[in-house]
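K.L.:
quick check, what structure comes out for this input:
(3 chains)
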Amino acid sequence: MKIKRLSALVLAGMMVFSLSACGGSGDSGTSASGEDTSVQDIVDRGVMKVGVKADVPKFSLQDTATGEYVGFEDDLAYEIAGEIFGVTADEAKEQGLVEFQAVNAKTRGPLVENGELDCVIATFTITDERKETYNFSPAYYTDAVGILVNADSGIASIEDLDGKIIGVAQSSTSQEEFNKYIEENGIDVAPSFQEFATYPELAQALAAKQIDAFSVDRAILEGYRNDSNMFLDVRYGFQDYGVCSAKEKTGLAELISTKIQTMLDNGEITALLEKHDISVE
Amino acid sequence: MADFVKIEHLSKNFGDFEALKDIDLTVKEGEKLVIIGPSGSGKSTLIRCMNYLEEPTSGTVTIEGEVLSRKNRRELAKKYSAMVFQQFNLYPHLTVLENLILAPMKLQHVSRKDAVAEAMKCLKRVGLEEKAYMYPNQLSGGQQQRVAIARALCTRQKLILFDEPTSALDPEMVQEVLNVMIELAKDNITMVVVTHEMGFARQVADRVIFLHRGQIIEEGTPEHFFTNPENDRTKEFLSKIIH
Amino acid sequence: MLKGLFDLKRWTALIEVIPENYIPGFLMTLRTALAGLLLALILGVIFGLMSTSHNKILRAISRVYVEFFQNTPLALQVVFYYSCLPILLGGTGFRMPKFILGMMGVGIYHGAYISEVIRTGIEAVPRGQSEAAQSQGFSYLQTMAWIIFPQTLKIILPPLANQALNLVKNTSALALVAGMDLMYYTDSWATSRGYFAQAYFFSALLYFIMCYPLARLARYLEIKAIRQPVAKASLRKEIEEAVS
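P.N.:
Next up, the predicted model:
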C-alpha cells in the first residue's frame, strides 16, 4: 500500500512537471553568462515564430484556401521580423522569415511563456495584471468593447440588458469594462456573464439565443455582424493592444517596443491601419 | 389412468427443417414414458414442446385439459411441470439451497421456513443434504444434476421432463443420477425421459417410443421394444446402441 | 516554465480564487456527474434490455441509439443540445439550465455505452439459465430480476465503474457551452490570469479526487467478481434448523 501511495505521488509530480514544461522546446533566452540572447536566438534559427488570430477580419484572418495569414497584425509581424533580420518588411514576407501559428485567448499566453512562440500579436489587451507575467510593447491600436445583440431581441440600449446573459470571451476584459462603464454612468442594470473559449462559439450561442448579447472587442465583433444582429450604440472600455513576449526575453521585448514606438511616431502604424480599412478611434 | 398430456398433430419446423411431423401422443398420469431415437430425430424438440420451450408450428399440446399457448405457458409450467436439462442449468449465483427454494417462495408463495424444510427433504432424497450451502460450481457434474432433480422435485409438480439428463456427464457419474431417477420412478410422478440409457428404459419405462426423422415409428412396452421390435430402423438403432 | 510553477505569488492567487471559482465548479461537476450517472444507468438498462429482447423493432431502436451516440463526439452532442435543440423546439429563446444540459449530455452519451455493457453482460449468461427459469414458470421480468440480472451484475459492475469514472471526466465537455463546471472555471481563471500551471494542476487534483475512488472501486469489483462466493452464516444456521 505504501508503494502505491508513493507511486501516486510520483505520478502527480510528473503531471505538474509536464504541465509546466509543456512545449518543452522553449529556449530560456539567456546565455550561460546570464546575458539575454533572445534576438540572436531568432536570427540563428532563421525564422521568427509569431502567434496570431486566424479569425479576426482586417486584423488577422487565415485564408482557408491558401493557408496564408492576411491582416494588419500579420503585416506588423513582418515589420518586426524585418527589424530583427535587417531587411524590409516586404523582404521578410517574401523570404518567409515569419512562421505564423494560430492562437486563441487560451493558448496565446502559455505558448509565449514556454517559448514555443517568440511573440504574440493577437488583439492582446495590455493590462496591469498581465504586465506582471509578460512584456508588452506600446499600444499599436486602441479598441473599444462592443455589444452585439439579435436584431429581433428588442434590446436597443445598454439599459435593456438588465437580467440578460452577456457572452464574453475567456481571458477578455469585456466583463470588467462593462461593469466599470455602468458604474461610471450610473446605469442600474445587472446582467450575468458567461465565458466561451472561441468567438465562433459565442456567435453560435447568440444565434441560438442562448445568450442575449455578445460582447468582445469591436474589431472582433465586426467579423460576426450580419443581417440578423446589430451593434448597440455604445462605446466604452477603450483598450490597448500590444505585442506580447516572454517576461525574461528582455532583448526581444526592447527591440519590439522600439520598433512599434518608431512606427507610431513616423505614422507607419496609421498608414498600415488605413491599408486594412481599420478605423482609427 | 387419466390422460395427463395429450399431443395432437404436433409439427415443428426450424426454417426449412421439419423437426417434428404430425405427432400424436398421450401420456397418462403417473406413466413413465421414455423417448429414444438417433440424434436429430426430434426427441428434445418433442419434450421441449411439452412445456413450451419450443413453440409448435402447428398442432396442440394439452395438459390436464388445458391447451398450452404462449399466453398460459408460464401458468401451466408453474402448475404442472418441471424440467431437468442436459446441462443442469442450476443458477450459479445461488447456493444449492437457494436454487431449490427460489421457485417455491417466489412463485408458489411458500414461506421461507417451509420452503427450506421441503428443500432439505428433497436434497436428502438425492443424497446431497450436506451440500446445501455450497455453490453449484463446487459440485461434480453428477452432484449438480442430482441437485437439478431435487429442484424439480421440490415444487411438487406432477410432471417431470428429463431432457437427456446423463448425456453431459462423465461416465462414472451416470449411474448415481440414474439411481436417483429409478428411486423417483417409484412415486406416482409422471415422468417423460429422453435418454440413450437403455438399461434405465428397460427397468423403469411403462412405455417406450422411438422417434425417427420427426415421427414416432415404434411404440410399446420395454419388453416388446427390446426383445421384439417391428421396425427395421428400430432394430438398426438398437443393434448399434446395445452391444 | 518551472520558474512560474514555484512562484509563491501565483499559488497565493490560486488559493484566493478557490472559494469563488473552484468550489462552485467542483460542486457543479459533482452534481452533474451524479445526475448524469443516474440518467445513464436508467437509459442503459432500458436500451440494454431492449437490445436483448426478441422484438426486432425494439432491438433496432436500441441499435440506432447506441450507434449514434457512440459514434459522435460528446462535445458535438453537448453543443447540439445547447445551440440546435432550442431552435428545433421552436427557437423562441428557450434555455436549458446548464445542470440539465450537462446531465443530458453525459447521461445520454454514457447511457449508450452502459447499454452495451448491459447487453454483453446479459448475453454472457447462458441461454439455459432463462430456459430453466421459464421451465419453472418465471415470467420475463421475474427471470431478469432473480436469475439473469444478479449474474449479469457481477460481470458488468467493473466496466460500469469505469463508465462512471469516464463520465465524471467527460462532464468537462460542458465547459464548451459555459457550463459553470470545474473545467469552465479553470479555463476562465487560467486564461484571465495566465497562471496556467497553478490553474490546471489544482483542477487536475480536484478531478483526481473524484475519479480515483471510482478507479479503486472498479479494481475491487474486478477482484471480487472472480472470487468464489461463500454462503452466509445465516444460511448455514437455517439449514441446521431445518435438518434438526
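
K.L.:
what parts of chain B come near chain C?
P.N.:
B:51, B:53, B:73-75, B:77-79, B:81-83, B:85, B:87, B:89-93, B:95, B:97-98, B:102-103, B:106-107, B:113, B:116-117, B:119-120, B:129, B:132-135, B:137-138, B:155, B:161 (Cβ under 8 Å from any Cβ of the partner chain). C-beta coordinates here come from the backbone N, C-alpha and C atoms, glycine included.

K.L.:
which ones among these map onto helices?
P.N.:
Among the residues of chain B next to chain C, the ones falling in helices (DSSP state H) are B:73-75, B:77-79, B:97-98, B:102-103, B:106, B:113, B:116-117, B:119-120.

K.L.:
which of the residues of chain B next to chain C are buried?
P.N.:
Buried by 16 or more other Cβ atoms under 10 Å in any protein chain shown: B:51, B:53, B:73-74, B:77-79, B:81-83, B:85, B:87, B:89-93, B:95, B:97-98, B:102-103, B:106-107, B:116-117, B:119-120, B:129, B:132-135, B:155, B:161, out of the residues of chain B next to chain C.

K.L.:
can you pull the contacts of B:Leu90?
P.N.:
Contacts for B:Leu90 (Cβ atoms under 8 Å, 6 or more residues apart in numbering or on different chains) come out as B:Val96, B:Asn99, B:Pro136, B:Gln144, B:Val147, B:Ala148, B:Arg151, C:Ala132.

K.L.:
contacts only, for the closest residue to it other than its chain neighbours.
P.N.:
Take B:Leu90 and drop its neighbours on the chain: the residue closest to it by Cβ to Cβ, 6 or more residues apart in numbering or on different chains is B:Pro136, 4.1 Å away. Contact partners of B:Pro136, counting by Cβ under 8 Å, 6+ apart, are B:Phe88, B:Leu90, B:Tyr91, B:Pro92, B:Leu94, B:Val96, B:Asn99, B:Gln144, B:Val147.

K.L.:
my guess is the last one contacts B:Val126. True?
P.N.:
Yes. In terms of Cβ atoms under 8 Å, B:Val147 counts as a neighbour of B:Val126; the distance is 7.0 Å.

K.L.:
how close does B:Arg156 sit to chain C?
P.N.:
Look at B:Arg156 and chain C: by Cβ to the nearest Cβ, to the nearest Å, they are 12 Å apart.

K.L.:
report pLDDT for that residue.
P.N.:
You'll see B:Arg156 listed with a pLDDT of 86.

K.L.:
and the strands in the stretch 51-200 of chain A, which stretches?
P.N.:
A:55-56, A:60-62, A:69-70, A:98-102, A:119-120, A:134-136, A:141-150, A:165-169, A:192-196 (DSSP state E, counting those that start in this stretch).

K.L.:
which other helices and strands contact the first one?
P.N.:
Using 3 or more Cβ pairs under 8 Å, 6 or more residues apart in numbering or on different chains; DSSP states H and E, the elements in contact with strand A:55-56 are helix A:199-207.

K.L.:
so after the helix it packs on, what's the next helix or strand?
P.N.:
strand A:213-217 (DSSP states H and E).

K.L.:
rewinding a little: ok, the contacts of B:Leu90 vs chain A, which is closest?
P.N.:
B:Pro136 (35.5 Å; Cβ to the nearest Cβ).

K.L.:
which residue comes closest to the residue of chain C found nearest chain A once chain neighbours are left out?
P.N.:
Among all residues of chain C, C:Thr191 sits closest to chain A, at 3.3 Å; criterion: Cβ to the nearest Cβ. In this structure, C:Thr191 finds its nearest non-sequential neighbour in A:Ser171, 3.3 Å apart by Cβ to Cβ, 6+ apart.

K.L.:
against B:Val208, how distant is that neighbour?
P.N.:
Relative to B:Val208, A:Ser171 is positioned 89 Å away (Cβ to Cβ, to the nearest Å).

K.L.:
buried deepest among the strands of the stretch 51-200 of chain A, which one?
P.N.:
Comparing the strands of the stretch 51-200 of chain A by mean neighbour count (mean count of other Cβ atoms under 10 Å in any protein chain shown), strand A:119-120 ranks first with a mean of 28.

K.L.:
tell me what it is packed against?
P.N.:
Packing partners of strand A:119-120 (3+ Cβ pairs under 8 Å, 6+ apart): strand A:48-52, helix A:108-113, strand A:244-246.

K.L.:
how about these in JSON lines, adding mean pLDDT, distance to C:Glu20 and mean neighbour count?
P.N.:
Below are these laid out as JSON lines (pLDDT from 0 to 100; distance: least, Cβ to Cβ, whole Å; neighbours: other Cβ atoms under 10 Å in any protein chain shown):
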{"stretch": "strand A:48-52", "mean pLDDT": "95", "distance to C:Glu20": "30", "mean neighbour count": "24"}
{"stretch": "helix A:108-113", "mean pLDDT": "90", "distance to C:Glu20": "21", "mean neighbour count": "25"}
{"stretch": "strand A:244-246", "mean pLDDT": "94", "distance to C:Glu20": "27", "mean neighbour count": "27"}
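
K.L.:
out of those, flag the one nearest C:Asp187.
P.N.:
Of all those, helix A:108-113 sits nearest to C:Asp187, with 11.7 Å by Cβ to Cβ.

K.L.:
now A:Asp55: how far from B:Glu31?
P.N.:
87 Å.
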